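Asker: model the following, please.
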Amino acid sequence: MTRRPPTRRRRRRPTRRQQRQQAQLTAWLLGAAAAVALVIPAVNWLLTHWWLLVVLAVASALVGAVLLHRRRQRARWEQTRRQGLRYALPRLDALHHREFEYAIRDLMRRDGCTDARQIGGAGDNAADVLATDPLGRKWVIQCKHRRNGAGGSSVGTPDLQRVNGTARQLYGADVVLVVTNGLFSTRCAPLARQLRMHLADRHLLADWAAGSRPLWDLLPQIPPPGRPSPPT
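Answerer: Numbers count the residues shown, from 1 in each chain. Okay, here's the model as predicted:
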């Protein structure tokens, strides 16, 4: 009997996925070879011109030092400006109500509340200024500006009730304050004690804005850190 010649196995053609992988590997190898071809001459050039690296390092250090100096200088100027900030009542009376909110913010910053910010406007939830004092107490301040100062309408109890409804619940206030360049109605002080709020009328505002003592040194019975605000 004659034997049949063994059948040859057909080679399987590589799949498309394998072809893509091979192409990617080839491209990666070519890219690596090109990178090496470029890096070696660059390294040799830098080794020959090493002094350029020294010049670049010195220049970078000088630029960084200048920028740091300017930043510190601006911080010192800003601190000096805040520490010297003073307002007289006529100037506060002449402000727009939004400018009055910014003035209160700046006074809080002057006294060390570095995060003080003005948030008054649409949707402010009855808060105009938020701040954290150096002892960690969170302040929520409602500002009521009167164009005619003491001659304007008195701040009434509805204004106290509005800020009381949001200050602690929404903002986590430790100190809730209503400040005005005008006056409060006679019913505000009893309500403020009941609601554990603080009031700063025209006279107290004058002492604070024109002096150098922080507001928490002028208001009675400010709570210690971590405790709720006691009655005024």
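
Asker: for the spatially most central residue of the chain, give its distance to Glu99.
Answerer: Among the residues of the chain, Asp115 comes closest to the average C-alpha position under Cα atoms, centre = their mean, at 6.4 Å. Here the criterion is Cβ to Cβ, to the nearest Å. By it, Asp115 lies 20 Å from Glu99. Yep, even glycine has a C-beta here, placed from its N, CA and C like the rest.

Asker: swap in Asn181?
Answerer: 12 Å.

Asker: comparing these two, which shows the higher neighbour count?
Answerer: Legend: neighbour count by other Cβ atoms under 10 Å for Asn181 and Glu99, higher for Asn181 (30 against 13).

Asker: how about that one: what's its closest non-neighbour residue?
Answerer: In space, and not counting its chain neighbours, Asn181 is closest to Leu92: 5.0 Å by Cβ to Cβ, 6 or more residues apart in numbering.

Asker: list the buried residues in the helix or strand containing that neighbour.
Answerer: Using DSSP states H and E, Leu92 maps to helix 89-93. By neighbour count on 16 or more other Cβ atoms under 10 Å, the buried set for helix 89-93 is Leu89, Leu92, Asp93.

Asker: and stretch 197-208, by the same measure?
Answerer: Met197, His198, Leu199, Ala200, Asp201, Arg202, Leu204, Leu205, Ala206, Trp208.

Asker: farthest-separated two in those residues?
Answerer: The most widely separated members of the buried residues of stretch 197-208, counting by Cβ to Cβ, are Met197 and Ala206 (20.5 Å).

Asker: so can I have TSV of the buried residues of helix 89-93 showing pLDDT?
Answerer: Putting the buried residues of helix 89-93 into TSV (pLDDT from 0 to 100) gives the following:
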residue	pLDDT
Leu89	94
Leu92	95
Asp93	95
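
Asker: what's the closest non-adjacent residue to Leu170?
Answerer: Nearest non-adjacent residue to Leu170 (Cβ to Cβ, 6+ apart): Asn125, at 5.5 Å.

Asker: out of the buried residues of helix 89-93, which is nearest to Lys138?
Answerer: Leu92 (24.4 Å).

Asker: any idea how far Ala150 is from that closest one?
Answerer: From Leu92 to Ala150 the distance is 12 Å (Cβ to Cβ).

Asker: which element, helix or strand, includes Arg193?
Answerer: Assigned by DSSP H and E, Arg193 falls within helix 188-195.

Asker: next structured bit after that helix?
Answerer: Immediately after helix 188-195, counting by DSSP H and E, sits strand 198-200.

Asker: looking at the protein, which helix or strand is least sure?
Answerer: helix 50-83 (a mean of 70; mean pLDDT, DSSP states H and E).

Asker: okay, strands next: where are they in this protein?
Answerer: 117-118, 129-132, 138-144, 175-180, 198-200 (DSSP state E).

Asker: would you format the ones you listed as JSON lines with distance to Leu67 and mean pLDDT included?
Answerer: Shown next, in JSON lines, are the strands of the chain (distance: least, Cβ to Cβ, whole Å; pLDDT from 0 to 100):
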{"stretch": "strand 117-118", "distance to Leu67": "26", "mean pLDDT": "95"}
{"stretch": "strand 129-132", "distance to Leu67": "29", "mean pLDDT": "96"}
{"stretch": "strand 138-144", "distance to Leu67": "34", "mean pLDDT": "95"}
{"stretch": "strand 175-180", "distance to Leu67": "38", "mean pLDDT": "96"}
{"stretch": "strand 198-200", "distance to Leu67": "41", "mean pLDDT": "96"}
